[in-house]
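Novice: Structure of the sequence below:
(2 chains)
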Amino acid sequence: MDHVIDRDELIGALRARAITLVDVLSPESFAARHIPTAINLPVAEIARRAPEQLSNRHAAIVAYCGGPT
Amino acid sequence: MQAVSLLRDLGYSHVRHYPGGLAEWFAAEPPDISTRPSTAAAHPARSTPRPRIFSAATLSTRFVDALSERSVGVLFRWWLAIVVGCGVAFWLFALAGVPLMEGGKAIETSGLGGLVTAIYFSAVTATSIGYGDIVPAGAARLLAIAEGAAGLIIFGCVVSKFVSRRQDRLIAEIHHIAFEDRLGRLRSNLHLIRTEVHATLRMCEGSDMPPPEAIARVESVAMVFVGELHGVHDLLYRPQQTVDETVLEAILAGLVSVFREFTELLACVRVDKSVKSNLLQSNLKTMARLAREICGDCVPREFAPSLRMWMDQIQRLAEELVQI
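Specialist: Purely as a prediction, here's the structure:
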């Protein structure tokens, strides 16, 4: 159902700066470590803060969490 | 994944999920992704220009936004500044030979009296009272009109803020009541489900063949339970308010016991794959999916360890449920 992206694809996309990477974990976890260039948008805050953090609704977005899920 | 569907619900068209997550990324040597030193392009979605918003934002809407973003105190201070500032300006005008007239004569400009009269006129103008005991002459008329308009707009904003503050408080209260209501309903429904599961369990205990009505009850109970799981799910991921941790713990513990008893019940009525109706089958699947999402890796907050424990149990029981 979900469109998924694997690690190699993700590396390529990040190198090409073709996507926005979203870390949906808590700010504490984000502060501890996150994938470079990711922005933090905790799951519970998506509805409230997504419009300001992700202004372009048609941009390519990749979300990740603690994984593997 | 929960976050992906939430983003899609919000209208983001191009969302993908990296299932490996942090664990996979950091399991291997972190790759170098900085082919270009520029950090400006690091967030394409954020840095892409927003032409629609900027072109649509006319001067007037931006002006209104700027006013509505200020607090009551700031607006009131602005208004006072306009009154005093214009008062001083009228006084300076009068000194420069463009006087304020009182009963056909120019007012006395010398000393404190002149300044006070000018500020009085300014206040009467800014509040749009306009007694007419003092009238401007010449170029001062322009300033008086501008002050009247500006004062009225800002004063209007202050008044509307007073009203809307009260409204906001009322709305927040209504939300709070509705939320408490939902929590209460969730808990009582969980209780009802447990009672129903118990009753059904008693029906089939002791008899070799489970009565057909027991199976029907299992099906309907499964349906209601899925609804409640949805409720818990929303509580965690779309919270209007932060749920008290003890309340959440009670609800999760309730879920655990329902899951456990439901598993027992399924074993008791011996619904193997051949007997399982489509309804029950799909409800069981939804149950397992919701349980995974409620307790997955993307748990929205750093929960207390006790909550974590309940979540792990729910997940394990849900897995068992699907295995049956």
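
Novice: quick one: terminal-to-terminal distance for stretch A:36-46?
Specialist: 20 Å (CA to CA, to the nearest Å).

Novice: least trustworthy helix or strand in the chain by mean pLDDT?
Specialist: You didn't pick a chain, so chain A it is. Lowest by mean pLDDT, DSSP states H and E among the helices and strands of chain A is helix A:27-32, with a mean of 78.

Novice: wrong one, chain B
Specialist: That would be, for chain B by mean pLDDT, DSSP H and E, helix B:44-47 at a mean of 44.

Novice: Does the next helix or strand after the least confident helix or strand of chain A reach chain B?
Specialist: Sequence order places strand A:39-40 as the next helix or strand after helix A:27-32, per DSSP states H and E. Yes. Using CB under 8 Å from any CB of the partner chain, strand A:39-40 reaches chain B at A:I39. For every residue, glycine as well, the C-beta is placed using N, CA and C.

Novice: Could you tell me which strands strand A:39-40 is paired with, and in which direction each runs?
Specialist: According to DSSP bridges, strand A:39-40 forms sheet pairs with strand A:20-23 (parallel).

Novice: Give me the contacts around the partner strand.
Specialist: A:10, A:14, A:29-30, A:34-35, A:37-41, A:54, A:59-65, B:3, B:7, B:18, B:43-46 (CB atoms under 8 Å, 6 or more residues apart in numbering or on different chains).

Novice: let's see 6 Å
Specialist: A:30, A:34-35, A:37-41, A:59, A:61-63, B:43, B:45 (CB atoms under 6 Å, 6 or more residues apart in numbering or on different chains).

Novice: Can you pick out the most distant pair from those residues?
Specialist: A:F30 and A:A59 (20.0 Å; CB to CB).

Novice: Specify which residue of these two has the higher count of neighbours.
Specialist: A:A59 (20 against 17; other CB atoms under 10 Å in any protein chain shown).

Novice: Tell me which helix or strand that one sits in.
Specialist: Per DSSP H and E, there is no helix or strand for A:A59.

Novice: what does chain A put close to chain B?
Specialist: A:2-5, A:7, A:10-11, A:14-15, A:17, A:20, A:24, A:26, A:28, A:35-37, A:42-44, A:46, A:50, A:54-69 (CB under 6 Å from any CB of the partner chain).

Novice: Please pick the buried ones from the residues you listed.
Specialist: Using 16 or more other CB atoms under 10 Å in any protein chain shown as the burial test, the residues of chain A next to chain B include A:5, A:10-11, A:14, A:17, A:20, A:24, A:26, A:35, A:37, A:42-44, A:46, A:50, A:54, A:56-57, A:59-67, A:69 as buried.

Novice: Can you tell me how far B:A149 is from chain A?
Specialist: B:A149 sits 33 Å away from chain A, taking CB to the nearest CB, to the nearest Å as the criterion.
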